[in-house]
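S.K.: structure for this input, please:
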Amino acid sequence: MRAYAAITVLILSAIFRSIPFGLNDASLTPHNPIHISSNADFTADNGVVGGSGTLNDPYIIEGWDITEVNIPLDYGIWLENTDAYVVIRNCLISQYVGIRLEHVANVVIENVTVRGGENSIYVYNSKNLVISNCDLGHCRGDAVQLTYSTNIKLKDCKIGDGRYHSVYMLYLNDTTVENCCIYDSLYGVYAESSLNITIRNCNIHGNLGDGLYFYVTMDCAILNCQVYSNEDHGIYLDSSSRIKIEYCDVRNSSLGIWLNPAFNCEIHFNNFINIHQNAQDDGQGNNWDKNYWSDYKGADNNNDGYGDTPYNIIGNANAKDNMPLIQVIPEFPHLMPLIVLLMMISLAILLHRGRHPLEPQ
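M.R.: You can find the predicted model right below:
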């Protein structure tokens, strides 16, 4: 049994370690702000330390401390009108806009810390971007602002303490926010007029308004997120449709989730444990079955794990959860098959050793 427990502890420890934050700035070199306005500007004078701009050999901008500059500018690193492959990594930036990307493609930003200013990262009319393992925040505006762009991956980042939004998305397509800690802004994640947005495995907490706010947004998913201690709503869907919300833990907000209105959404296998009210549905065609509700008063007389009577959801839709769960769903349900598999492998090894003990050395 101790082997099983050890495996479980290792898995959960790996999960919590999967959001690495921070940058050791001891080895960074001071540099003035960098402005690259075409592929021809990827030069050593502009902070490029290697690479040729191809997929297999991207330009590298690395190791710079852009915090103390002689001429204050409104950017730390500004790329525009480029499509060469480039990696920006291991930098510390404190400027009006930390990293500014406009009309660019094929950029990776990793292990960068941006503090202060209006935005940590600002993206406009760009595509094929990856932002990973960054610490972004303490901004006067939005910590991360992504607009009119497609195919952006934001992962393994700490993003927060913005005056307005931790993550702001406007007219985005095919974008993923994954394994991020999003905290302490007015809104945690805001998406407007966007398609195919996925928020997965994120911890979204401590926002003064809503944890997640989708407005006129369609075909999106919120999966396996911890959404807690957001003062107004955990999740707010406004004039949005076809949103899938599964395996989320929504706690300690004034209202857990509000569809006002939203249409044809699928909301399953979530925990709703909130201060005043768990849910309100003022839309149409939404499916709420198989969630846990902290204020459900029904019984489970046949012991099948579901309440014998529906859970009624407040709102004009007269919606119901026809199969309310009796027990809280445990955290990390998506990892349960892996945990079970590893436990079975461990058991098989122990049984094998029992039958064929090792010879003493």
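
S.K.: tell me where the model's unsure across the stretch 51-200 of the chain.
M.R.: Where the stretch 51-200 of the chain drops to pLDDT under 70, the residues are 69-72.

S.K.: residue contacts, Ile267?
M.R.: 244-246, 257, 286-288, 291 (Cβ atoms under 8 Å, 6 or more residues apart in numbering). Placement of C-beta: from N, CA and C, glycine included.

S.K.: how about Ser52, what does it touch?
M.R.: Per Cβ under 8 Å, 6+ apart, neighbours of Ser52: Tyr59.

S.K.: and the gap between it and Tyr59?
M.R.: 7 Å (Cβ to Cβ, to the nearest Å).

S.K.: same question, Asp308
M.R.: 63 Å.

S.K.: and if you look at Cys202?
M.R.: 30 Å.

S.K.: helices along the stretch 251-361 of the chain, start to end?
M.R.: 336-355 (DSSP state H, counting those that start in this stretch).

S.K.: before we move on, the earlier item: which of the contacts of Ile267 lies closest to His268?
M.R.: Ranked by distance to His268 (Cβ to Cβ), these are led by Glu246 at 5.3 Å.

S.K.: thought Glu266 was touching that closest one, still the case?
M.R.: Yes - using Cβ atoms under 8 Å, Glu246 is in contact with Glu266, at 7.5 Å.

S.K.: ok, these two, which is more surrounded?
M.R.: In this view Glu246 and Glu266 are compared by other Cβ atoms under 10 Å, and Glu246 has more residues nearby, 18 against 14.

S.K.: report the contact partners of the more buried one.
M.R.: By Cβ under 8 Å, 6+ apart, the neighbours of Glu246 are 221-224, 266-270.

S.K.: same list (the residues you listed) but as a markdown table, adding pLDDT and distance to Asp281.
M.R.: Output for those, formatted as a markdown table (pLDDT from 0 to 100; distance: Cβ to Cβ, whole Å):
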| residue | pLDDT | distance to Asp281 |
| --- | --- | --- |
| Ala221 | 98 | 18 |
| Ile222 | 98 | 16 |
| Leu223 | 98 | 20 |
| Asn224 | 97 | 22 |
| Glu266 | 98 | 13 |
| Ile267 | 98 | 9 |
| His268 | 98 | 14 |
| Phe269 | 97 | 17 |
| Asn270 | 97 | 14 |
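
S.K.: could you flag which of these are buried?
M.R.: Among the contacts of Glu246, those buried by neighbour count (16 or more other Cβ atoms under 10 Å) are 221-224, 267-270.

S.K.: quick check, nearest of these to Tyr183?
M.R.: Within the buried ones among the contacts of Glu246, the smallest distance to Tyr183 is 16.6 Å, found for Ile222 (Cβ to Cβ).
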